[in-house]
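Student: The following comprises the amino acid sequence and a computationally predicted model.
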Amino acid sequence: MKAYKTVIFISCVIAMLALVSWSFPSDGIRAGELTLRFPSLNEVLATEEEADEEPLLSPEELLQQRLDAILAAKDNEYLDYILSSEARFHLPDSDLTYFDDFFVRLEHCGKQLIRIVHYGDSQLEEDRITSFLRENVQAKFGGSGIGMLPAVPKSGATLTVAHSINPTDRIPYYLAYGPASSRASHNRYGPMGQIAHIDTTTVINFRTRQPNVFPHCQTFQRIRVRIQGYGSMTFIAGNNRVKLTCDTARYKEGTRVYEALLPSPVKTGSLVISGEMDVQSIQLDGTKGVVVDNVAMRGCSGTMFTSIERKSIESFFKDENVALIILQFGGNSMPYAKSEAAIEKFCRDTRRQIDFFHKIAPDAKILYIGPSDMATSIAGEMHTYPHLPAFVEALQTTVTQSGAAFWNMFEAMGGKGSMAQWVKTSPQLAGADHIHFTQKGAQRISEILNGTFDIYYNYYRFRNYDRYSMADSISAVCDSI
């Protein structure tokens, strides 16, 4: 055979194999108990460096490196972290003062209550991640209470509170997300994106947990219940029975807020509700300092806030002095966003949510936390989803261009291949599903997030050195008198 015919033949074979590779399902074809796979073009063309996804450092070594960098940062060295660390915040217009207004409000919360609302998917269930963030800010700036809770608990206990309701079999609840069967007949879901319909006398019990781990959220004193409807409520704590009241002149229509201030802080109590109403949320707060709400939404993509009746959620942000909104989503959508068009659609939907929060909470800063590394089985081995890095990069660009900050959790935990390593380490930092953190893993990722916040706060103080130096001098003189 002549040389040119050989070249043509080989080229045709390569073209046919490329066509098969392009058209073959990425997850293979089932044939009985066997799965037939054909390597993708990306797998065939990948370089050795690209194929090797495992981080050079173990998860514990990498996490320690992150924490060491946080501890080492001081004075001008803050900029090294802020400009180059994989765990830094990506800020709109690279504005290093983006969080300054938030820090000012934190410093003045000794006389009033401010809120941080942490929305997220199942990574936040059981108050994981949020609980450690809450403890960090309450230890630094004061505050107590565990914040918002649903009327119907998703589990018997979280890391911070034991929560039960009676009667359990007569309290239906509805969600603004998830399957269509979970929807209510209206869209007045309120700030938690869910409601519980109560039409009988109901008792909801609360008891804070783990005082040695989370000492600052152990007590609460202010009770607030947001509802649609009418009824009566009493909070019972020991020998104290306090009736919750509603300012009917203020809440003439729409969402009503019933509230009570207990004589002193408590760790446990029961809320007795009678009437017919949709309960949007129950708040167990302190009276000053910081409250951090954990709003875990299993299966949620974070793109449904705009479908909630605006008045039912906006009233919460107007009433509650919300200083920071954290949106932690993307993990539920990422496995299905396999094309550039699908990624662009998710980013457009995300931009709409951020714009929505800018409108209903104009004084609050927004931090979006992208998805962690996630792994799937490819040729019998666990590897990072091929399109995850592009998904995170597009999401980061969308968020910052929308006027919000972005935290790249994917890079902060080690990037490609890190989830598989987090699963292998002992003790495990992630579950066998290669998606969710364990409690230990949630604590470690929270330490990095908390440390990053500390870096930006310390840099804020460094930039305002003269003001703080004067304040410290005045305080020292006053103490000496």
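Tutor: Now that the structure is in, tell me what you want to look at.

Student: what residues are up against H434?
Tutor: Residues near H434 by CB atoms under 8 Å, 6 or more residues apart in numbering: M374, A375, T376, M382, M419, A420, V423. Backbone N, C-alpha and C define where each C-beta goes, glycine included.

Student: Just grab the bridge partners of the fourth one for me.
Tutor: Read that as M382. As for beta bridges, M382 partners with S377 under DSSP bridges.

Student: pretty sure it contacts K416?
Tutor: No - in this structure M382 lies outside contact range of K416 using CB atoms under 8 Å: 11.8 Å.

Student: More neighbours: which of the two?
Tutor: K416 (21 against 18; other CB atoms under 10 Å).

Student: and that one, that's in a helix?
Tutor: No - judged by DSSP: H, G, I helix; E, B strand; the rest coil, K416 forms no part of a helix; its state is coil.

Student: gap between it and F99?
Tutor: From K416 across to F99, the span is 29 Å (CB to CB, to the nearest Å).

Student: for P265, same thing?
Tutor: In this view, P265 and F99 are 30 Å apart by CB to CB.

Student: Repeat that for Y174.
Tutor: From Y174 to F99 the distance is 35 Å (CB to CB).

Student: Pick out whichever of the two has more residues nearby.
Tutor: The neighbour count for Y174 versus F99, taken as other CB under 10 Å, is higher for F99 (22 against 18).

Student: Please report the distance of E259 from T160.
Tutor: 21 Å.

Student: Show me the shaky parts of the stretch 251-400 of the chain.
Tutor: Nowhere does the stretch 251-400 of the chain drop to pLDDT under 70.

Student: Helices of that one, start to end?
Tutor: 310-319, 340-360, 388-401 (DSSP state H, counting those that start in this stretch).

Student: Which of the ones you listed sits closest to F89?
Tutor: Smallest distance to F89 across the helices of the stretch 251-400 of the chain (CB to CB): 9.7 Å, for helix 388-401.

Student: Could you identify the helix or strand that succeeds that closest one?
Tutor: strand 405-407 (DSSP states H and E).

Student: Report the rounded mean pLDDT for that following strand.
Tutor: What strand 405-407 shows for mean pLDDT is 98.

Student: Which strands or helices does it pack on?
Tutor: When contacts are defined as 3 or more CB pairs under 8 Å, 6 or more residues apart in numbering; DSSP states H and E, strand 405-407 sits against strand 89-90, strand 365-369, helix 388-401.

Student: would you turn the ones you listed into TSV with distance to T208 and mean neighbour count?
Tutor: Formatted as TSV, those follow (distance: least, CB to CB, whole Å; neighbours: other CB atoms under 10 Å):
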stretch	distance to T208	mean neighbour count
strand 89-90	31	18
strand 365-369	26	24
helix 388-401	34	19
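
Student: out of these, nearest to F103?
Tutor: strand 365-369 (9.6 Å).

Student: Got the phi and psi for the residue nearest to G441 when sequence neighbours are not counted?
Tutor: Among residues not flanking G441 along the chain, L429 sits closest, at 3.4 Å (CB to CB, 6 or more residues apart in numbering). Main-chain torsions, L429, degrees, to the nearest 10: phi -100, psi -10.

Student: Next, the contact list for G190, please.
Tutor: For G190, the contact set (CB under 8 Å, 6+ apart) comprises R226, T255, Q280, S281, I308, S312, I313, F316.

Student: In contact with the third one, which residues are there?
Tutor: In other words, Q280. Contacts of Q280 were listed using CB under 8 Å, 6+ apart, and they are R188, Y189, G190, P191, M192, Q194, I195, R226, I227, Q228, T255, S312.

Student: Tell me the spacing between it and P150.
Tutor: 9 Å.

Student: Need the overlap of contacts for these two.
Tutor: Shared contacts of Q280 and P150 (CB under 8 Å, 6+ apart): M192, Q194.

Student: Number of residues surrounding the nearest residue to G120 once chain neighbours are set aside?
Tutor: The spatial neighbour of G120 that comes closest, neighbours along the chain excluded (CB to CB, 6+ apart), is Q328 at 3.4 Å. Residues lying near Q328 (other CB under 10 Å) number 26.

Student: do the same with R241
Tutor: The tally of other residues near R241 (other CB under 10 Å) stands at 11.

Student: for A184, same thing?
Tutor: 16.

Student: which SS class is it?
Tutor: A184 is classified as coil under three-state DSSP.

Student: That one: what's it in contact with?
Tutor: Under the criterion of CB under 8 Å, 6+ apart, the neighbours of A184 are Y174, I195, H197, D278.

Student: Please name the bridge partners of the second one.
Tutor: On DSSP bridges, the residues paired with I195 through beta bridges are Y174.

Student: buried residues in stretch 305-317?
Tutor: F305, I308, E309, S312, I313, E314, S315, F316, F317 (16 or more other CB atoms under 10 Å).

Student: And for the last one, nearest residue in space, chain neighbours not counted?
Tutor: In other words, F317. Closest residue to F317 apart from its sequence neighbours, by CB to CB, 6+ apart: A361 at 4.1 Å.

Student: which residues sit in contact with the one you found?
Tutor: Residues near A361 by CB under 8 Å, 6+ apart: F317, V322, I325.

Student: if I look at the last one, how far off is P172?
Tutor: Put plainly, it is I325. To P172, I325 is 29 Å away according to CB to CB.

Student: higher neighbour count, the two?
Tutor: Taking neighbours as other CB under 10 Å, I325 and P172 compare with I325 leading, 23 against 13.

Student: so how far is N458 from the more buried one?
Tutor: Separation of I325 from N458 (CB to CB): 23 Å.

Student: And for A162?
Tutor: A162 is 36 Å from N458, where distance means CB to CB.

Student: buried set for stretch 400-407?
Tutor: Buried residues in stretch 400-407, defined by neighbour count with 16+ other CB under 10 Å: T400, S402, G403, A404, A405, F406, W407.

Student: Pipe those residues into JSON lines and attach distance to A394 per row.
Tutor: Converted to JSON lines, the buried residues of stretch 400-407 look like this (distance: CB to CB, whole Å):
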{"residue": "T400", "distance to A394": "11"}
{"residue": "S402", "distance to A394": "12"}
{"residue": "G403", "distance to A394": "17"}
{"residue": "A404", "distance to A394": "15"}
{"residue": "A405", "distance to A394": "16"}
{"residue": "F406", "distance to A394": "11"}
{"residue": "W407", "distance to A394": "16"}
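
Student: quick one, strands of the stretch 151-300 of the chain?
Tutor: Ranges of strands in the stretch 151-300 of the chain, per DSSP state E, counting those that start in this stretch, are 161-166, 173-175, 194-198, 202-208, 220-237, 240-246, 256-266, 268-285, 289-296.
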